[in-house]
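**Q** Quick check, what structure comes out for this input:
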Amino acid sequence: MATQQNKKDAAQRRAELAAKQAAMARAEKRRKTGFGVGIGVLVALLIAGLAVLAIHTNNKDAATTAASESANSVVGESNLLAPTWGGVKGQTIDGVSSNQMEQLAYHIHAHLAIYINGTQKTVPYGIGIEQPWSTQADGSSEFVNSGAAFYYLHTHDDTGVIHIESPNKSLYTLGQFFAEWNQPLSSTQIGSYKGAVTVFVNGSKYTGDPSSIQLTSHEVIQLDLGKVVGFQPYSFASGL
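**A** Below you'll find the model as predicted:
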């Protein structure tokens with residue numbers, strides 16, 4: 001009976017992930033199309049977006065408004081490795097800058113999965129996106145459509161997809177992404193968890209410092225702390 005329930009739970013997780021991937025691909029298509037809009041239209045959209053952000057911010061739950069800047073909780077997410085860090089305020093973080101608009105000159109995606117003693121931990125939405133945010137419902141979670149500023153490494157949702165969006169082609173590392181998350185990463189620690197870390201990159205074991213992993217297009221990174229789960233493949237949604 002337990003095995004049947006596990007299979008049902010796994011099938012449900014796959015269905016939810018597929019739905020999130022499809023939604024993210026649609027959002028990516030909208031962003032790519034919008035990038036070519038004229039300056040006048042962009043200004044109008046920015047004004048409208050600021051109005052939406054003001055309404056969204058004013059209507060936030062009081063508990064969220066009072067949340068600590070050092071660690072903001074996020075709506076609808078569970079089993080997080082750590083919450084999104086609210087300390088991103090436009091300052092350069094470990095060599096990574098930000099811009100009020102997403103930079104699409106260099107635009108690739110990588111995927112990160114984290115397992116702590118055999119249990120997968122969620123990578124939250126909003127890493128590297130300065131608040132306030134404009135979000136939309138994304139299943140049991142949220143999708144960040146816009147924010148006050150976007151760092152060149154960020155997450156829009158909690159699928160584990162890292163967006164690398166830079167004004168020029170540059171090399172970025174997993175350690176820089178964790179710096180934006182304000183979480184430590186080494187061969188003996190992931191966030192607040194300590195132990196031996198086994199790393200897989202595109203299915204092969206990686207023996208170096210995980211913080212030095214360079215983020216490349218459609219790269220699949222997996223971190224196993226403690227119990228080794230073994231590499232779990234990931235398929236990017238069409239359009240990513």
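
**Q** Please count neighbours and contacts with C-alpha atoms only from this point.
**A** OK.

**Q** and the residue nearest to residue 214 when sequence neighbours are not counted, how many neighbours?
**A** Leaving out its chain neighbours, the residue that sits closest to residue 214 by Cα to Cα, 6 or more residues apart in numbering is residue 173, at 4.3 Å. Residue 173: 15 surrounding residues under other Cα atoms under 10 Å.

**Q** Residue 128 too?
**A** For residue 128, the count of nearby residues is 33 (other Cα under 10 Å).

**Q** Verify the stated contact: it with residue 157.
**A** No. Look at residue 128 against residue 157 with Cα atoms under 8 Å: they stay out of range, at 11.6 Å.

**Q** just to revisit the earlier point, and the residue nearest to residue 214, what is it in contact with?
**A** 211, 212, 213, 214, 215 (Cα atoms under 8 Å, 6 or more residues apart in numbering).

**Q** Next secondary structure after the helix or strand encompassing residue 135?
**A** Using DSSP states H and E, residue 135 maps to strand 129-138. Going down the chain from strand 129-138, the next helix or strand is strand 141-151, by DSSP H and E.

**Q** Okay, buried residues for that following strand please.
**A** Of the residues in strand 141-151, 141, 142, 143, 144, 146, 147, 148, 149, 150, 151 count as buried by neighbour count, 16 or more other Cα atoms under 10 Å.

**Q** any idea how far residue 102 is from the second one?
**A** Distance from residue 142 to residue 102, counting by Cα to Cα, to the nearest Å: 19 Å.

**Q** Is there a neighbour count for residue 78? I'd like the number.
**A** If you count neighbours by other Cα under 10 Å, residue 78 ends up with 14.

**Q** pLDDT score for it?
**A** Looking at residue 78, its pLDDT is 74.

**Q** pretty sure it contacts residue 123?
**A** No. Using Cα under 8 Å, residue 78 is not in contact with residue 123, being 9.8 Å away.

**Q** which ones are touching the residue lying closest to residue 180 once chain neighbours are set aside?
**A** When the adjacent residues along the chain are set aside, residue 180 lies closest to residue 128, with 5.6 Å between them (Cα to Cα, 6+ apart). By Cα under 8 Å, 6+ apart, residue 128 lies in contact with 88, 150, 151, 152, 153, 154, 155, 177, 180, 181.

**Q** one more time with 7 Å
**A** Counting by Cα atoms under 7 Å, 6 or more residues apart in numbering, residue 128 touches 88, 150, 151, 153, 154, 155, 180.

**Q** got the residue ranges for the helices in this structure?
**A** 2-34, 39-58, 62-65, 174-181 (DSSP state H).

**Q** any idea which of the ones you listed scores lowest on pLDDT?
**A** Among those, helix 62-65 carries the lowest mean pLDDT, a mean of 34.

**Q** ok, so what distance separates residue 129 from residue 112?
**A** Using Cα to Cα, residue 129 is found at 17 Å from residue 112.
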